[in-house]
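Visitor: below is the sequence, then the predicted model.
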Amino acid sequence: MTVLTRRIGAVQLDIIVADITTLGVDAIVNAANTSLLGGGGVDGAIHRAAGPELVAECRTLHGCNTGDARITKGYRLKAAHVIHTVGPVWTGGTSGEDDLLASCYRRAMELCGKHKLTSVAFPAISTGIYRFPADRAAEIAVRAIVEMLPGAPSVGRVVFCCFSEPSAKLHAEALARHGSPCA
């Protein structure tokens with residue numbers, strides 16, 4: 001279900017409530033842990049849907065630091081690729097969590113640009129078991145993506161794929177402060 005669509009230049013930004021593993025985009029972003037070998041939440045769902053080949057490829061990457069990102073094939077997913085990024089664990093906001101979260105979105109968009117991907121879907125990184133405040137995370141996510149659009153000219157569509165209506169509402173509020181309504 002699409003909650004809000006905005007256009008910034010030639011890029012369409014959508015907020016939806018859906019299962020990210022079902023989306024037919026060039027890449028879905030995985031809110032991964034540092035091992036990249038699967039876990040709970042979005043990470044576990046993506047690994048289950050993609051199949052064992054995904055974890056096999058992830059083993060060859062030797063992990064990922066918080067705030068960074070890696071790209072793999074999508075295997076059994078509709079998405080051709082998975083961009084794995086490791087969000088910060090919320091510890092009160094005094095340990096650089098905002099910058100690390102923004103870096104997750106920036107690094108993912110850099111990979112989209114490098115691989116000439118045209119569409120990408122993001123979950124609400126770090127807002128589950130990592131406890132990042134959802135309102136703060138939504139604002140950081142939208143701001144980072146908007147700032148990165150010029151650096152990824154191949155991207156024509158960005159999806160903020162939310163697991164719940166409250167998350168979608170927070171992303172919609174943040175996105176409404178950026179761009180113009182899509183015609």
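Guide: Received the coordinates, thanks. This one's a predicted model, so the numbers in the text were calculated from it and none came from an experiment.

Visitor: CA atoms only for the host helix or strand of residue 30 - export them in PDB, please.
Guide: In this assignment (DSSP states H and E), residue 30 forms part of strand 27-32. Only the C-alpha atoms of strand 27-32 are listed here, as PDB (Å, rounded to 0.1, in the frame of the first residue of the first chain):
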ATOM      1  CA  ALA A  27      17.900  -3.700  -5.000                       C
ATOM      2  CA  ILE A  28      16.500  -4.100  -1.600                       C
ATOM      3  CA  VAL A  29      18.500  -2.900   1.400                       C
ATOM      4  CA  ASN A  30      19.100  -5.300   4.200                       C
ATOM      5  CA  ALA A  31      19.300  -4.000   7.800                       C
ATOM      6  CA  ALA A  32      22.200  -6.500   8.500                       C
END
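
Visitor: can you spell out which helices and strands pack onto that strand?
Guide: With contacts taken as 3 or more CB pairs under 8 Å, 6 or more residues apart in numbering; DSSP states H and E, strand 27-32 sits against helix 41-50, strand 81-86, helix 97-114, strand 119-122. To be clear about C-beta, it is placed using only N, CA and C from the backbone, and glycine gets the same treatment.

Visitor: count of residues packed around the residue nearest to residue 172 when sequence neighbours are not counted?
Guide: The shortest distance from residue 172 to any residue other than its chain neighbours is 4.3 Å, reached at residue 4 (CB to CB, 6 or more residues apart in numbering). By the criterion of other CB atoms under 10 Å, residue 4 has 18 neighbours.
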